[in-house]
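[1] no sequence for this one, just the structure:
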């Protein structure tokens, strides 16, 4: 269930990018590109004896949006 929540948050965040910029959504996909990486780390440590097993999960990433522009020089 938590994975669906994280994925939903990621999708909503990606769709809200045009609202923060002065770029229409059609220009966003036709004149720009997006790249990134998403990382999910899952750690489990099993202790012997009286200590309980520990489990951690971490989600993070980097996303880049590049808007290609054309500069015309007149001579």
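    That came through, no problem. Only a predicted model underlies this, so the values are computations on that prediction, with no experimental measurement involved. Residues are numbered from 1 along each chain as shown.
[2] please make it C-alpha for all contacts and neighbour counts, starting now.
    Noted.
[3] other SSEs contacting the host helix or strand of residue 62?
    Per DSSP states H and E: residue 62 is located in strand 54-67. With contacts taken as 3 or more Cα pairs under 8 Å, 6 or more residues apart in numbering; DSSP states H and E, strand 54-67 sits against strand 32-45.
[4] elements contacting the strand it packs on?
    strand 54-67.
[5] check the offset of the helix or strand containing residue 7 from the chain's centre.
    Element membership for residue 7 (DSSP H and E) is helix 2-15. Taking Cα atoms, centre = their mean, to the nearest Å, one finds helix 2-15 lying 9 Å from the centre of the chain it belongs to.
[6] and the angle from that helix to strand 32-45?
    Calculated by axes from the mean of the first three to the mean of the last three Cα atoms, to 10 degrees, helix 2-15 forms an angle of 160 degrees with strand 32-45.
[7] what is helix 2-15 packed up against?
    By 3+ Cα pairs under 8 Å, 6+ apart, helix 2-15 packs against no helix or strand.
[8] how much space between residue 56 and residue 10?
    Using Cα to Cα, to the nearest Å, residue 56 is found at 20 Å from residue 10.
[9] which one's more surrounded, these two?
    Per other Cα atoms under 10 Å, whichever of residue 56 and residue 10 has more neighbours is residue 10, with 12 against 9.
[10] which residues touch that one?
    Neighbouring residues of residue 10 by Cα atoms under 8 Å, 6 or more residues apart in numbering: there are none.
[11] before we move on, what about residue 60?
    Applying Cα under 8 Å, 6+ apart, the residues contacting residue 60 are 38-40.
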